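Participant: turn this into a model:
(chains A and B)
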Amino acid sequence: MSVWARIAGWAALLFGLLYFIVPLGGLFEFSLKARRGVYSLDAYAKVIGDAEFQATFTYSVVMALVTIAVGVLIVVPTAFWVRLKMPWARPYVEFITLLPLVIPAIVIVFGYIRLYNTSSWLPMTGSVTGTNLLLAMGYTVLALPYMYRAVDTGLRTIDVATLTEAAQSLGAGWIGILGRVILPNVIPAVLSGAFLTFAIVIGEFTLAALLDRPAFGPYLQRIGANKPYEPFALSVIAFAITWACMGLIQLVTRFSKHSKAAR
Amino acid sequence: MSFLDITHLEKSFGAVRVVKDFNLSVEKGEFISLLGPSGCGKTTVLRMVAGFEEPSSGAIRIGGTDVVGKRPNQRNIGMVFQAYALFPNLTVAGNVGFGLKIKGTPRAEIDARVAEMLALIGLPDLGGRYPFQLSGGQQQRVALARALAPKPQVLLLDEPLSALDAKVRVSLRNEIRAIQRDLGITTIFVTHDQEEALSISDRIVVMNGGVADQVGTPFEIYNRPNTRFVANFVGQLNVFRADAGGRIGGVEVGQGEYAARPESLHLGHAEGADIRLAATVAEVHFLGSVIRLGATVAGVDKGVALDIFNRPDAPPPQVGQKIDLSLSSRDLIRLQ
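Facilitator: Below is the predicted model:
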């Protein structure tokens, strides 16, 4: 590689980093200016001490965990079965799992409200539990592209058919195969999908707002509209959560003890 | 009735009949090899015995019970795969104990059986390792131990040595045979390697186009092949066509085509060898203790091959050298 090409490469990298870091730096700097004349963590203290922050954040964390559980229960067996028995269906399943990327969340939530309103045959929006369930379903749909791709990539790294047959010959049924053989071998991939799901759910606004649930996304929006410094502190916190999730994905992948397994 | 009885087994994938009227009776403790080229249906037969494929028709009885329709996990069959198929997330001990854990065997019993199996395969100290920390040969030994640990009725080996290098293959196949004899477990071994099949089997089933062409001991299969395919597939063959008078090398044998193994041909005029042929050396392959010569013979289209023992004091004939060959008409195999 020539010197100029190397310099151009570094310049492009530097430009990219500045493009992302400067606004974030500005955001972080502004979030520290709650006290006049000095930098302080007052905005962060206020936000973290806010009972509503704690309640909405806890609610979103719980919803994220439920979404991850539902996602894993739906995606792992589906991706496994498609790889094992229905490889011809793979393009169709991939297309379906991509739909949430092209169909806006607002369309999904209006569909839900129309289908599951209090005068429908399944009035899920008529109760808190029903609405929470509906929200979890919505989150699962939104996270589907990420979860499916992560799991499918994980399945690609193992010989699904032979491992399944080996487990069958040793007496395992389908649940045993999924629980003891397939899932443990795609755990890094499942965790990648789970962390992505977590990041999506924590910041999601549309579904939670329109289903009127006390989630972190609508809280972020409300604070942003009414307070000067706290929204910036919240944004930094939200970024930190997302980055922590990304870091955990890297860690899990790197330290997976059987990651060198033969295919 | 035999311990494992396969009768009129058929399998079609769409319009393609992969296995046609396959019949086989295996005695308890017998080691049977299914030998044949790729696509001959040998693996499909094995997979039907394991339960991974449903037969189109026919019956498979193990210990008198028809297992067709039973799921693979209900058949109590151990299987070793070409690609090892060890569970990457489990240690060697975890892999070997997997089948017992599924059965709900108590922990102490599992530990004892795992230790016994690891000792049997000669890897008593590797229980804590993961599959990726083992060599190919070690992985396949562990796969064998895993298949044997739950004490299956039948052991199925699907080309278990194909992925290994030549030296390991030979030592492992001998180990497999020794363990099989030791445990007295009924075994079906699928291979396309004739040497493997000849060296370790009680009987061999040579398959061709979904049909069992011949079932017999290695000695029978090699020395008395029933069909041209078996004669050609197992070992190397020299084919002679008798002349209009039904003679080969001046000796009357009757009309038709005959075959002779390379080791039946002798360099020079051997005692008791009534057929004599003049030949020219075309190829010399030094194989160590044996030297294989390729020679052209008048009236034999593809030439002939013969084996001679290496002797340090006598170098082999050179390419282009005229030689005399002889063979006994009793060693000729009539091709049908």
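
Participant: where does the stretch 201-336 of chain B dip in pLDDT?
Facilitator: Counting by pLDDT under 70, the stretch 201-336 of chain B contains no low-confidence range.

Participant: where exactly do the strands run in it?
Facilitator: B:203-208, B:211-216, B:238-241, B:247-248, B:251-252, B:257-260, B:266-267, B:275-286, B:290-297, B:300-309, B:322-327, B:333-334 (DSSP state E, counting those that start in this stretch).

Participant: with the stretch 1-150 of chain B instead?
Facilitator: B:4-13, B:16-26, B:31-35, B:57-62, B:65-66, B:77-80.

Participant: burial of the closest residue to chain A within chain B, as a residue count?
Facilitator: Proximity of chain B to chain A (C-beta to the nearest C-beta) peaks at B:Pro88, 2.9 Å away. Heads up, the C-betas are built off the backbone N, CA and C, glycines and all. Residues lying near B:Pro88 (other C-beta atoms under 10 Å in any protein chain shown) number 24.

Participant: please name the residues that touch residue 126.
Facilitator: This is for chain A. For A:Gly126, the contacting residues are A:117-118, by C-beta atoms under 8 Å, 6 or more residues apart in numbering or on different chains.

Participant: oops, wrong one, chain B.
Facilitator: By C-beta under 8 Å, 6+ apart, B:Leu126 lies in contact with B:92, B:118, B:134, B:138, B:142.

Participant: next: A:Glu29.
Facilitator: A:Glu29 sits next to A:Tyr39 when contact means C-beta under 8 Å, 6+ apart.

Participant: and it, backbone torsions?
Facilitator: Dihedral angles of A:Glu29 (phi, psi; degrees, to the nearest 10) stand at phi -60, psi -40.

Participant: show the pLDDT at it.
Facilitator: Note for A:Glu29: predicted pLDDT of 90.

Participant: so what sits opposite B:Leu9 in the bridge?
Facilitator: B:Phe22 (DSSP bridges).

Participant: picking that back up, can you put the strands of the stretch 1-150 of chain B in JSON lines and add mean neighbour count?
Facilitator: As requested, the strands of the stretch 1-150 of chain B are exported to JSON lines (neighbours: other C-beta atoms under 10 Å in any protein chain shown):
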{"stretch": "strand B:4-13", "mean neighbour count": "18"}
{"stretch": "strand B:16-26", "mean neighbour count": "18"}
{"stretch": "strand B:31-35", "mean neighbour count": "26"}
{"stretch": "strand B:57-62", "mean neighbour count": "17"}
{"stretch": "strand B:65-66", "mean neighbour count": "11"}
{"stretch": "strand B:77-80", "mean neighbour count": "27"}
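
Participant: could you measure from A:Ala167 over to A:Val72?
Facilitator: Separation of A:Ala167 from A:Val72 (C-beta to C-beta, to the nearest Å): 19 Å.

Participant: these two: who's more crowded?
Facilitator: When A:Ala167 and A:Val72 are compared for neighbours, A:Ala167 comes out ahead with 25 against 20, by other C-beta under 10 Å.

Participant: continuing past the strand or helix carrying the more buried one, what's the next helix or strand?
Facilitator: Per DSSP states H and E, A:Ala167 falls inside helix A:160-169. Under the assignment DSSP H and E, the closest C-terminal helix or strand after helix A:160-169 is helix A:174-176.

Participant: list the buried residues of that next one.
Facilitator: A:174, A:176 (16 or more other C-beta atoms under 10 Å in any protein chain shown).

Participant: is there proximity between that helix and chain B?
Facilitator: Yes. Residues of helix A:174-176 are located near chain B by C-beta under 8 Å from any C-beta of the partner chain, namely A:Gly176.

Participant: what does that helix contact?
Facilitator: With C-beta under 8 Å, 6+ apart as the contact definition, helix A:174-176 has outside contacts at A:167, B:102.

Participant: please state the offset of it from the chain centre?
Facilitator: In terms of C-alpha atoms, centre = their mean, to the nearest Å, the centre of helix A:174-176 is found 27 Å from the chain centre.

Participant: buried set for the helix holding A:Ala167?
Facilitator: Going by neighbour count (16+ other C-beta under 10 Å), the buried part of helix A:160-169 is A:160, A:162-169.

Participant: what's the local residue count around B:Gly128?
Facilitator: 10.

Participant: so who does the nearest residue to it once chain neighbours are set aside touch?
Facilitator: Among residues not flanking B:Gly128 along the chain, B:Thr91 sits closest, at 5.5 Å (C-beta to C-beta, 6 or more residues apart in numbering or on different chains). Going by C-beta under 8 Å, 6+ apart, B:Thr91 touches B:127-130.

Participant: wait, isn't B:Asp21 in contact with B:Lys11?
Facilitator: No. B:Asp21 sits out of contact with B:Lys11 when judged by C-beta atoms under 8 Å, with a separation of 10.7 Å.

Participant: about what we covered before: mind giving me a markdown table with the strands of the stretch 1-150 of chain B and columns for mean pLDDT?
Facilitator: Converted to a markdown table, these look like this (pLDDT from 0 to 100):
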| stretch | mean pLDDT |
| --- | --- |
| strand B:4-13 | 94 |
| strand B:16-26 | 94 |
| strand B:31-35 | 95 |
| strand B:57-62 | 94 |
| strand B:65-66 | 92 |
| strand B:77-80 | 94 |
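
Participant: can you redo the ones you listed as JSON lines with distance to B:Leu148?
Facilitator: Output for those, formatted as JSON lines (distance: least, C-beta to C-beta, whole Å):
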{"stretch": "strand B:4-13", "distance to B:Leu148": "17"}
{"stretch": "strand B:16-26", "distance to B:Leu148": "18"}
{"stretch": "strand B:31-35", "distance to B:Leu148": "14"}
{"stretch": "strand B:57-62", "distance to B:Leu148": "17"}
{"stretch": "strand B:65-66", "distance to B:Leu148": "21"}
{"stretch": "strand B:77-80", "distance to B:Leu148": "6"}
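
Participant: between the ones you listed, which gets nearest to B:Asp274?
Facilitator: Shortest distance between B:Asp274 and these, using C-beta to C-beta, is found for strand B:31-35: 32.7 Å.

Participant: secondary structure class for B:Leu156?
Facilitator: strand (DSSP: H, G, I helix; E, B strand; the rest coil).

Participant: state the number of residues packed around it.
Facilitator: For B:Leu156, the neighbour count with other C-beta under 10 Å is 26.

Participant: next, the contact list for it, please.
Facilitator: A:169, B:46, B:49-50, B:77-80, B:187-188, B:190.

Participant: mind listing the helices in the stretch 1-150 of chain A by residue range?
Facilitator: A:3-31, A:42-49, A:51-84, A:90-102, A:105-116, A:128-156 (DSSP state H, counting those that start in this stretch).

Participant: and the residue of the stretch 1-150 of chain A found nearest chain B, how many neighbours?
Facilitator: Residue of the stretch 1-150 of chain A nearest chain B, by C-beta to the nearest C-beta: A:Leu84 (11.5 Å). By other C-beta under 10 Å, the residues close to A:Leu84 number 16.

Participant: surely it and A:Ala161 touch.
Facilitator: Yes. Using C-beta under 8 Å, A:Leu84 makes contact with A:Ala161 at a distance of 6.0 Å.
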